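**Student:** I would like to see how this sequence folds:
(one chain, ligands or ions: 1)
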Amino acid sequence: MNKAAKLGHNFTGAQMSPEDTRKMVEYVGERPADMPGDASALAQAREQMNREEGAVGSVPIPGSVKGMLKSTFDKLLGNSPELLIDKLGERLAFERTGVRLYEALIAKAGACATGSELIPTLKQIRDDEEAHMFLLIDALESLGADPTAQTPCADLAGVVGSGALKVITDPRTNLAQALNAMLTVELTDNAAWEMLIKLTDDGGHANIGSSFTHALTEEQRHLNTIRSLLARELGVSGH
Ligand SMILES: [Fe+2]
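**Tutor:** Numbers count the residues shown, from 1 in each chain. I've put the predicted structure just below:
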């Protein structure tokens, strides 16, 4: 596996062929797009559709509160219980994907000359992500929610994470490129845990919030580790 991208026959830049580029610009001038409207029409259409379209799925009603009045439900689970369940479901989906991402990263490190020494560190992080996943399962169950349900935000977390998943599982990417994708994941993870702790506290679930504090500390460690492993791979001084 290459440590860094190499110089090669990359023809994507316009400077590769100034004459062809000039002809292409000329052609676009002669034959503009035949679709009516411009960028403002597109923005307008998007705005209109955003107003008209429904939501991405729904939050399942916890089995334990089925048949209860909404007000009783709120009283039992705190303010905006749907939001809390949705966001807990999101973190659960993210941590589950995190386990798979680290497993893919471990395989990449194993294939790389400089990567094998990173494996114990990456395995530790993988295990932390798995433990966080179970922590979230417990939290959802304590609220009477079904941890196997895919909430709307869980669905969207999967869509957002699919880019990192593609980069890390692509056998052509090198370790630095995969670590770069993982840095995005860990930055998001840190911000999201902070937000979730505030949300649980605000919802009157301080016990859940305090059980998450340790997870946040571990996520901060993950972020620092990935940041310095990436710097090392890139040969950035001071690492
Ligand atoms: Fe993490």
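
**Student:** up against the ion, what does the protein have?
**Tutor:** 189, 219, 222 (Cβ under 5 Å from the ion). (Glycine included, C-beta is placed from N, CA and C.)

**Student:** host element of the second one?
**Tutor:** Assigned by DSSP states H and E, Glu219 belongs to helix 206-234.

**Student:** any idea of the mean pLDDT in that helix?
**Tutor:** The average pLDDT within helix 206-234 is 94.

**Student:** same for that helix, what does it pack against?
**Tutor:** helix 119-142, helix 175-202 (3 or more Cβ pairs under 8 Å, 6 or more residues apart in numbering; DSSP states H and E).

**Student:** let me know which of those is tucked in deepest.
**Tutor:** helix 175-202 (a mean of 19; mean count of other Cβ atoms under 10 Å).

**Student:** the closest residue in space to Asn180 that isn't next to it in sequence: neighbouring residues, count only.
**Tutor:** Spatial nearest neighbour of Asn180, chain neighbours left out: Leu230 (6.1 Å); criterion: Cβ to Cβ, 6 or more residues apart in numbering. By the measure other Cβ atoms under 10 Å, the count of residues near Leu230 is 20.

**Student:** now do the contacts for Leu230.
**Tutor:** Leu230 makes contact with 176, 179-180, 182-183 under the criterion Cβ atoms under 8 Å, 6 or more residues apart in numbering.

**Student:** hey, which helix or strand in the protein has the poorest pLDDT?
**Tutor:** Using mean pLDDT, DSSP states H and E, helix 70-77 stands out as the lowest-scoring helix or strand of the chain, at a mean of 59.

**Student:** C-terminal to that helix, what's the next element?
**Tutor:** helix 81-110.

**Student:** what's the angle from that next one to helix 175-202?
**Tutor:** Per axes from the mean of the first three to the mean of the last three Cα atoms, to 10 degrees, the angle that helix 81-110 makes with helix 175-202 is 160 degrees.

**Student:** packing partners of helix 81-110?
**Tutor:** Using 3+ Cβ pairs under 8 Å, 6+ apart: helix 81-110 touches helix 70-77, helix 119-142, helix 152-169, helix 175-202.

**Student:** so which of those helices is nearest Arg51?
**Tutor:** helix 152-169 (18.4 Å; Cβ to Cβ).

**Student:** ok so, going back, any idea which of the helices and strands packed on helix 81-110 scores lowest on pLDDT?
**Tutor:** helix 70-77 (a mean of 59).

**Student:** what about stretch 40-54, distance to the chain center?
**Tutor:** Centroid separation between stretch 40-54 and its chain, computed with Cα atoms, centre = their mean, to the nearest Å, is 26 Å.

**Student:** buried sites along it?
**Tutor:** For stretch 40-54, the neighbour count (16 or more other Cβ atoms under 10 Å) marks no residue as buried.

**Student:** quick check: mean pLDDT of it?
**Tutor:** Rounded mean pLDDT across stretch 40-54 is 91.
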